[in-house]
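Novice: sequence plus predicted model, see below.
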Amino acid sequence: MLSASSARESGFEMGGFSLACASIECLTRTLVGEVGRYGVRVVALRPNFTPETHPEWVNLDGDSLKPLIDGTALDRLPRLAEVAGTAAFVASDRAGAMTGAVVNLSCGAIVD
């Protein structure tokens, strides 16, 4: 599953999106109780805003993304390659014991 840091945030005009992301995380935890006994793992990724997913934003100056970056502990936003690499790990046998989890990729915008 794919969520977003909005699942744990409140902000102006974010109500519907925040609710949708929180619902995905709840579904992740609930679904594992339904399908876990059949060996099915359920994991959600929770990245923060990833500028690379918006081609029109890739060449924006640093000031445009500053409010988003300032809200992170790592002083940056996650890279698409980091999200993809984590997805590959979570889907692999190396993460075979992981289920019912939400993987926080928010660069510290959300601290669980």
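Specialist: Nice, thanks for sending it over.

Novice: distance of Ser64 from Glu56?
Specialist: 11 Å (Cβ to Cβ, to the nearest Å). Every C-beta, even on glycine, is put in place using the N, C-alpha and C of the backbone.

Novice: give me the more crowded residue out of these two.
Specialist: Between Ser64 and Glu56, counted using other Cβ atoms under 10 Å, Ser64 has the larger neighbour count: 12 against 7.

Novice: pLDDT score for the more buried one?
Specialist: We have a pLDDT of 76 for Ser64.

Novice: what does it show for phi and psi?
Specialist: phi -70, psi -30 (degrees, to the nearest 10).

Novice: just for the chain, where's the confidence low?
Specialist: For the chain, the stretches flagged by pLDDT under 70 are 57-62.

Novice: 80 - rerun?
Specialist: 9-15, 55-64 (pLDDT under 80).

Novice: and the helices in it?
Specialist: Counting by DSSP state H, the chain has helices at residues 15-35, 62-70, 80-91.
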